[in-house]
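Engineer: What would the 3D arrangement of this be:
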Amino acid sequence: MFVRVIRVRPLRAAACFLMGAALVWQLTVLGNTIAAGAKAVTDWGLSFGQPGDPPRGNLSAEELFPHNAVFMGQTGDKTLYLTFDAGYENGYTASILDTLKKHEVKAAFFLVGHYIKQNPELVKRMVEQGHIVGNHTATHPDMTGLNSAAFCAELDELAALYQSVTGQPMAQFYRPPQGRFTLSNLQAAKSHGYTTVLWSLAYADWDNDNQPSQQAAFDKLLPRTHNGAVVLLHSTSKTNAEILDQLITEWKRQGYSFGSLDDLCQAVF
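Structural biologist: Residues are numbered from 1 along each chain as shown. Model prediction:
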């Protein structure tokens, strides 16, 4: 039998080695880039175009989707999703609940531990009137600085407190404190069974010492209202409590209806 011996030239062998080394380097850089991206902090923000157009977020809906995160609904539907953040009670939630009941609108309230401990009757009223209570963490920390165990502990502590007050499990919706998150945070929330809910419409309503006028609030909110908007308002705002009746009336006049976060998830995911 004739056997042909093939010798690899030294230069060809060296070239193969260098190509392999380059491939390993590229994969290492790609892996480091992905890991760095997962840890990069996003301060959620929006940019708006023409009145009525959906805004653009720091991340697109397509980028958020794999992490079970959302910031607006379907832009083909004239549906709004009304949400409130509450770190504490400032005396306006009862009025807000009255207005929501008057208009038969269901909202979502993202609460923290302090709020639930100090205002159990208001929390129960939210539930009795059919509103969703979402997880805004137990202590409202910067969640981007927490490891996965501490991150989940913030959610679990708040959920346990909610259940102890209402006798019901907490809805699996999470909103990051201050709108700060990493992709790792979103993935941790998803792995823990939560949908992360950001927003596509908000305004500077949180400073109690510098509340906007009613007209300023309308001027900010109405031109930026768009199909599928997830609206973020703070229930601590005196202005919000004053304008909510007229605001909902105007939104309805413009042909908008109101959906729940459950509806939103069914539409998006």
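
Engineer: Show me the strands in the chain, by range?
Structural biologist: Taking DSSP state E as the criterion, the chain contains strands spanning 42-43, 46-47, 56-57, 69-70, 79-86, 108-111, 132-135, 173-174, 180-181, 195-197, 230-234, 257-258.

Engineer: Could you dump those into a markdown table with distance to residue 98 and mean neighbour count added?
Structural biologist: (Glycine included, C-beta is placed from N, CA and C.) Rendered in a markdown table, the data for the strands of the chain read as follows (distance: least, Cβ to Cβ, whole Å; neighbours: other Cβ atoms under 10 Å):
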| stretch | distance to residue 98 | mean neighbour count |
| --- | --- | --- |
| strand 42-43 | 34 | 14 |
| strand 46-47 | 30 | 12 |
| strand 56-57 | 32 | 16 |
| strand 69-70 | 29 | 25 |
| strand 79-86 | 14 | 25 |
| strand 108-111 | 14 | 26 |
| strand 132-135 | 18 | 24 |
| strand 173-174 | 24 | 26 |
| strand 180-181 | 33 | 22 |
| strand 195-197 | 24 | 23 |
| strand 230-234 | 15 | 23 |
| strand 257-258 | 16 | 16 |
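
Engineer: Dump these to TSV, plus distance to residue 222 and mean pLDDT.
Structural biologist: TSV is the format used below for the strands of the chain (distance: least, Cβ to Cβ, whole Å; pLDDT from 0 to 100):
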stretch	distance to residue 222	mean pLDDT
strand 42-43	25	96
strand 46-47	16	96
strand 56-57	19	97
strand 69-70	23	98
strand 79-86	12	98
strand 108-111	21	98
strand 132-135	25	98
strand 173-174	26	98
strand 180-181	28	97
strand 195-197	22	98
strand 230-234	11	98
strand 257-258	16	98
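
Engineer: Skipping adjacent residues, who's closest to residue 213 in space?
Structural biologist: residue 239 (7.2 Å; Cβ to Cβ, 6 or more residues apart in numbering).

Engineer: Oops, could you answer that again for residue 154 instead?
Structural biologist: Residue 154 sits nearest to residue 137 (Cβ to Cβ, 6+ apart), 4.3 Å away.

Engineer: Equivalent analysis for residue 72, please.
Structural biologist: Nearest non-adjacent residue to residue 72 (Cβ to Cβ, 6+ apart): residue 200, at 3.8 Å.

Engineer: Tell me where the stretch 151-269 of the chain has helices.
Structural biologist: For the stretch 151-269 of the chain, the helices defined by DSSP state H, counting those that start in this stretch occupy 183-191, 214-224, 238-253, 261-268.

Engineer: List just the one of those that sits closest to residue 129.
Structural biologist: helix 238-253 (14.5 Å; Cβ to Cβ).

Engineer: Packing partners of that closest one?
Structural biologist: Applying 3 or more Cβ pairs under 8 Å, 6 or more residues apart in numbering; DSSP states H and E, one finds that helix 238-253 makes contact with helix 93-103, helix 214-224, strand 230-234.
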